[in-house]
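Student: Sequence first, then the predicted structure, then my questions.
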There are 2 protein chains.
Amino acid sequence: MLAERYKKMLSQESMIRQIFMYGKKRGAEIGYENVFDYSLGNPSVPCPPAFTAAMQKLLAEKEPVALHGYCPNQGDPDFRRAVAESCARRFGLAYEAKHIFPTTGAAGALAHALRAVVTPGQKVLTFAPYFSEYGPYVAGLDAVLEIVPADTETFQPNFDKLEQMLDETVAAVLINTPNNPSGVAYSCASMQRLGDILRAKSAAFGHEIFLISDEPYREIRYAGAEHPYPAAYYDNTLTCYSFSKSMSLPGERIGYVAVNPKAEGADILVDMMAQISRGTGHNCPPSLIQQAVAQCIDCTSDLSVYETNMNLLYNKLVELGFTVVKPGGTFYIFPKCLESDSMAFCEKAKEFDLLLVPGDGFGVPGYFRMAYCIDTEKVQRSLAALEKLAAAYQK
Amino acid sequence: MLAERYKKMLSQESMIRQIFMYGKKRGAEIGYENVFDYSLGNPSVPCPPAFTAAMQKLLAEKEPVALHGYCPNQGDPDFRRAVAESCARRFGLAYEAKHIFPTTGAAGALAHALRAVVTPGQKVLTFAPYFSEYGPYVAGLDAVLEIVPADTETFQPNFDKLEQMLDETVAAVLINTPNNPSGVAYSCASMQRLGDILRAKSAAFGHEIFLISDEPYREIRYAGAEHPYPAAYYDNTLTCYSFSKSMSLPGERIGYVAVNPKAEGADILVDMMAQISRGTGHNCPPSLIQQAVAQCIDCTSDLSVYETNMNLLYNKLVELGFTVVKPGGTFYIFPKCLESDSMAFCEKAKEFDLLLVPGDGFGVPGYFRMAYCIDTEKVQRSLAALEKLAAAYQK
């Protein structure tokens, strides 16, 4: 018999995917260069040449049985050491290799971090706007995701609501900074306050509440915003990272969980995740990719195009009278629609071949997301379309 | 709070791992070349040169954003097409790309196949001897694994016991042929009888029972044994495959589930697995590896060494009076110990620097596994140690 649970999920086709497929169809009609497709968060710049060079060298020089062999359940030792050294140096926490669990991207990292500290039936809180895949991630372990409503003035965490919602059944708080979809980086003051609240509530409830910090956009950071490292503000933090965006390797499935050395269970959490892995079918991320990334751990793609694109869009949106918070990183921006129904607004935008994603799926109806990981030249051409869209609402 | 479920698993250290670690320690004392380490099932021959060439060509020639980009939720279209065409041609079933779900090796394949057709609380049956990781795989989705006792005469499935145990709560039967640890390939007659039983029981219970066929050793097949393709004998079969052994790529995490085109739900099972993937953190296997394997889909490593090693060991074991079934494939052999306590027998073997794995963990106490994926020269040198071990029991 087919499992009803997953069969039912088939009818819920992703909104982003629908828009992306529309873009492909429209592109076939008018040329894809004329479709201003802001739907998908797929990096648009090549991986660092150092990554390609490391891969080629490994393939040319390393003995294939060792190169492609099983790695230990806890991951490739060189990769773990490289990540620990880099994070320790950059963020000032005493990470050692034993605190690093290599994963198949951020999805793998979140699957394991969540299972390690959340049991079925417990609650996980996250702040709107939030990445819509958090729903299935948390449902996958039969826990309950609850959404703290957005502070739409700043898109910083809404702490008043958090304090109301944080009860004894909450096992973890899940954050994403810089944030998909808002582009906002949580400030130092936000991280301090979040740490204070979690410490106070953990003490009050008599158990540690974990902070799970999803940071795939960590390296895409813009001038004018603060970029605190969340784990530095709260000991019980599991940092989930992916090289998908910083090295433009989303298809290669490489990331990690970094356990704060001061967290409860810091010495056993990685071993626990290796056990969890036996039930999820995860095992390690690809051995070759771990080895190559270890050799260029601090490299990134040339990420400057995203800030260029952001400034073009932000300035134009402000000029056109949109309500919009300036992003501090990522390759997203999340303005308010010009009508209350964001689905209708995004349909209207299609008339100008602008593909926007309604905010509903991110927990904030009335807003829309633009993923500007596209060529700057196309962003520039799209500005006229944005003007026409705004004009359509001034009639 | 740490999840107790996984914390408890930490104390259950793998027997195979303990033996392997002992081998490392002993190797440091007497030279690893003098330790006859038959503990680990790690391929000992290099990957096909065509795989390395395909990787190098992709890295040199394909545009990096496309090469390393996200692939669709259902996997790389070229890989899916290549697998479908290869399986259709070789096994005579009408596979199309839509029936193929790329996975991170056999572990990923089993995780998704099991979740697609087994719901929590239902039973999965497998035949002893069985791969010990089936326990955590099935526990990972909160289902129950029950072991059909071994037919130690032949290590073919024990059908009388199967018929007794197959009740209405059984959602799937999980087989592994050629088998780890016995090395035995299930015969055509066995597959025919298994299909007949599953069809009869499905009809009696009014729901389809799925066959999940784990085939990572499919390409390591020896003369003198039959090698039927299980899905050809039963429509409701999900075939789980890995290139880990056939291409010696265990670290690169590449495999697939092939849904029999005549299975219940054949047109939606892959889409269901893509949904399951959202909760397990699996997503697709590495994009680059999918593309490279697609280009050399029918290549294998030079697998002949395993049959050479098997014959050396089998002949010596028979000569020494061991009770042993001749393997039909894999790189394992599973003889009966010379005393009833297999743990004690394997301890005794250590005195001769022979590292053997007790059969207890595979569901058949009193037997032991040898993984002979090592150099033939070392197998030859180990025969004298086997002689000494046998002699120790003749005193």
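Tutor: All right, it came through fine.

Student: what's the model's confidence in stretch A:79-96, averaged?
Tutor: Stretch A:79-96 shows a mean pLDDT of 98.

Student: So what touches it?
Tutor: In this structure, residues lying in contact with stretch A:79-96 by Cβ atoms under 8 Å, 6 or more residues apart in numbering or on different chains are A:74, A:97-100, A:102, A:229, A:231-232, A:239, A:256, A:258, A:260-262, A:290-291, A:293-295, A:297-298. The way it works is simple: take the backbone N, C-alpha and C, and place the C-beta from them, glycine included.

Student: now do stretch A:217-233
Tutor: A:90-93, A:175, A:177-180, A:184-188, A:191-192, A:194-195, A:211, A:213, A:215, A:237, A:239, A:241, A:245-246, A:258, A:260, A:300, A:303, A:306-307, A:310, A:326-331.

Student: Provide a list of residues in contact with A:C284.
Tutor: A:C284 touches A:70-73, A:75-76, A:102, A:277, A:290, B:251, B:253, counting by Cβ under 8 Å, 6+ apart.

Student: give me that answer again for 6 Å
Tutor: Residues near A:C284 by Cβ atoms under 6 Å, 6 or more residues apart in numbering or on different chains: A:71, A:75, A:102.

Student: hang on, it in a strand?
Tutor: No: in this structure, A:C284 is coil, not part of a strand, as judged by DSSP: H, G, I helix; E, B strand; the rest coil.

Student: Just the helices from the stretch 251-395 of chain A, written as ranges.
Tutor: Counting by DSSP state H, counting those that start in this stretch, the stretch 251-395 of chain A has helices at residues A:269-280, A:287-295, A:304-319, A:342-350, A:376-392.

Student: Where among those is average confidence lowest?
Tutor: Across the helices of the stretch 251-395 of chain A, helix A:269-280 gives the lowest mean pLDDT, at a mean of 93.

Student: distance of the spatially most central residue of chain A from chain B?
Tutor: For chain A, the residue whose C-alpha lies nearest the mean C-alpha position (Cα atoms, centre = their mean) is A:P216; its distance is 4.6 Å. For A:P216, the distance to chain B equals 12 Å [Cβ to the nearest Cβ, to the nearest Å].

Student: returning to that earlier point: show the buried residues in the contacts of stretch A:79-96.
Tutor: Neighbour-count burial (16 or more other Cβ atoms under 10 Å in any protein chain shown) is assigned, among these, to A:74, A:97-100, A:102, A:229, A:231, A:239, A:256, A:258, A:260-261, A:290-291, A:293-295, A:297.

Student: can you put the helices of the stretch 251-395 of chain A in TSV and add distance to B:A204?
Tutor: Supplementary listing: the helices of the stretch 251-395 of chain A in TSV, determined by distance: least, Cβ to Cβ, whole Å:
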stretch	distance to B:A204
helix A:269-280	31
helix A:287-295	46
helix A:304-319	61
helix A:342-350	50
helix A:376-392	62
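
Student: Switch the ones you listed over to CSV; also include distance to chain B.
Tutor: Shown next, in CSV, are the helices of the stretch 251-395 of chain A (distance: least, Cβ to the nearest Cβ, whole Å):
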stretch, distance to chain B
helix A:269-280, 2
helix A:287-295, 3
helix A:304-319, 12
helix A:342-350, 22
helix A:376-392, 14
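
Student: looking at those helices, which is closest to B:E61?
Tutor: Between B:E61 and the helices of the stretch 251-395 of chain A, the tightest spacing by Cβ to Cβ is seen for helix A:287-295, at 17.9 Å.

Student: any idea of the angle the closest one forms with helix B:287-294?
Tutor: 140 degrees (axes from the mean of the first three to the mean of the last three Cα atoms, to 10 degrees).

Student: Off-centre distance for helix A:287-295?
Tutor: 22 Å (Cα atoms, centre = their mean, to the nearest Å).

Student: on that earlier part again, sort the contacts of A:C284 by pLDDT and name the bottom one.
Tutor: A:C71 (84).

Student: Contacts only, for it.
Tutor: Residues counted as contacts of A:C71 (Cβ under 6 Å, 6+ apart) are A:284, A:287, B:251.

Student: So which residues on the stretch 101-250 of chain A come close to chain B?
Tutor: Contacts of the stretch 101-250 of chain A with chain B, taken as Cβ under 6 Å from any Cβ of the partner chain, map to A:107-108, A:111, A:116, A:119, A:136, A:140, A:207, A:249-250.

Student: Just the buried ones from those residues, in ChimeraX syntax?
Tutor: Here is the ChimeraX command that picks out the buried ones among these, judged by 16+ other Cβ under 10 Å:
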select /A:107,108,111,116,119,136,140,249,250
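
Student: Out of the residues of the stretch 101-250 of chain A next to chain B, which is nearest to B:K25?
Tutor: Using Cβ to Cβ, A:A116 is the member of those that sits closest to B:K25, with 30.1 Å.

Student: ok, that closest one to A:L141 distance?
Tutor: Distance from A:A116 to A:L141, counting by Cβ to Cβ, to the nearest Å: 10 Å.

Student: Which of the contacts of stretch A:79-96 fall in strands?
Tutor: If you go by DSSP state E, the contacts of stretch A:79-96 have A:100, A:102, A:239, A:256, A:258 in strands.

Student: got a list of what the nearest residue to the third one once chain neighbours are set aside touches?
Tutor: With sequence-adjacent residues excluded and distances taken as Cβ to Cβ, 6 or more residues apart in numbering or on different chains, A:T239 is closest to A:A258, at 4.3 Å. For A:A258, the contacting residues are A:87, A:99-100, A:239, taking Cβ under 6 Å, 6+ apart as the criterion.

Student: re earlier: kindly reformat the contacts of A:C71 as TSV containing distance to B:S39.
Tutor: Converted to TSV, the contacts of A:C71 look like this (distance: Cβ to Cβ, whole Å):
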residue	distance to B:S39
A:C284	19
A:S287	20
B:G251	18
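
Student: need the contact list for the closest residue in space to A:P43 that isn't next to it in sequence.
Tutor: Nearest-residue entry for A:P43: A:S248, 4.0 Å, with adjacent residues in sequence omitted and distances by Cβ to Cβ, 6+ apart. The contact partners of A:S248, by Cβ under 6 Å, 6+ apart, come to A:43, A:45, A:47, A:301.

Student: Am I right that A:S248 falls within a strand?
Tutor: No: the assignment for A:S248 by three-state DSSP gives coil, which leaves it out of any strand.

Student: distance of it from A:A107?
Tutor: Separation of A:S248 from A:A107 (Cβ to Cβ) stands at 17 Å.

Student: Number of residues surrounding the nearest residue to A:P250 once chain neighbours are set aside?
Tutor: Residue nearest to A:P250 in three dimensions, not counting chain neighbours: A:S244, with 3.8 Å by Cβ to Cβ, 6+ apart. Using other Cβ atoms under 10 Å in any protein chain shown, A:S244 has 25 other residues around it.

Student: Contact partners for A:S244?
Tutor: For A:S244, the contact set (Cβ under 6 Å, 6+ apart) comprises A:105, A:216, A:250.

Student: Can you report phi and psi for the nearest residue to A:Y306 once chain neighbours are set aside?
Tutor: Distance criterion Cβ to Cβ, 6+ apart; nearest residue to A:Y306, sequence neighbours excluded, is A:F331 at 4.4 Å. In terms of degrees, to the nearest 10, the main-chain angles of A:F331 are phi -130, psi 40.
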